[in-house]
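Novice: Build the 3D model from these lines:
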Amino acid sequence: MLELIMTAPMVVASWINLQYYASTVDNRVFGSGNKVLHCGGCVGCPRRQRRRPGVGLPWQSVHDGEQYVHEPLRLNVMIEAPVDAVTAVITKHEGVRQLLDNGLGASVCDGGWGGRAAVWVGLRGVVRVPVEDLLA
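Specialist: The predicted structure is shown next:
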């Protein structure tokens, strides 16, 4: 079950998170710009002229007109499972490992170490850190 969670929902969550992150940080480059409603049935269509629609989210999805509605943060995945099991999944699946190694998400698991947790930090593997450091 752990392997299924880490290779499906965790990966999809990273895609969604990255789309919101990139569209908020630089909507002109990574978002799809300003969208207006088309009068023929509320279908979104690009306002600006360009050959292809933007790859990210429209400005209205990340900004309410006064402020951003999403704080651009990296995805943090909290897993309550034995460290060895989490490490085995990360090691076995290159896509999951690349996601974590490239800083697009962090896998944090309860190591059962009383107030300490384990965090995957790429090539260094698992590092034990105080839980309060993760919450700060």
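
Novice: hey, let's count contacts and neighbours off CA atoms from now on
Specialist: Noted.

Novice: which residues in this protein form strands?
Specialist: For the chain, the strands defined by DSSP state E cover 35-37, 44-46, 75-79, 105-110, 116-120, 126-130.

Novice: hey, least reliable of these by pLDDT?
Specialist: Note on those: lowest mean pLDDT is at strand 44-46, with a mean of 52.

Novice: which residues of this protein score low on pLDDT?
Specialist: Residues of the chain meeting the criterion pLDDT under 70: 36-54, 104-116, 123-124, 131-136.

Novice: report the longest helix in this protein, please.
Specialist: helix 9-25 (DSSP state H).

Novice: So for that helix, what gets flagged as buried?
Specialist: The neighbour-count check on helix 9-25 (16 or more other Cα atoms under 10 Å) flags 10-11, 14, 17-25 as buried.

Novice: of those, closest to Val77?
Specialist: Nearest to Val77, judged by Cα to Cα, of the buried residues of helix 9-25 is Met10 at 7.3 Å.

Novice: ok, the closest one - contacts?
Specialist: Residues near Met10 by Cα atoms under 8 Å, 6 or more residues apart in numbering: Val77.

Novice: With Leu57 as the reference, measure out to it.
Specialist: Met10 is 20 Å from Leu57, where distance means Cα to Cα, to the nearest Å.

Novice: again with Ile90
Specialist: 29 Å.

Novice: okay, these two: which has more neighbours?
Specialist: In terms of neighbours (other Cα atoms under 10 Å), Ile90 is the more surrounded of Ile90 and Leu57; the figures are 24 against 21.

Novice: picking up where we left off before, tell me the one of the buried residues of helix 9-25 nearest Gly95?
Specialist: Ranked by distance to Gly95 (Cα to Cα), the buried residues of helix 9-25 are led by Val11 at 8.5 Å.

Novice: For that closest one, which non-adjacent residue is spatially closest?
Specialist: Nearest residue to Val11 in three dimensions, chain neighbours excluded: Val96, at 7.1 Å (Cα to Cα, 6 or more residues apart in numbering).
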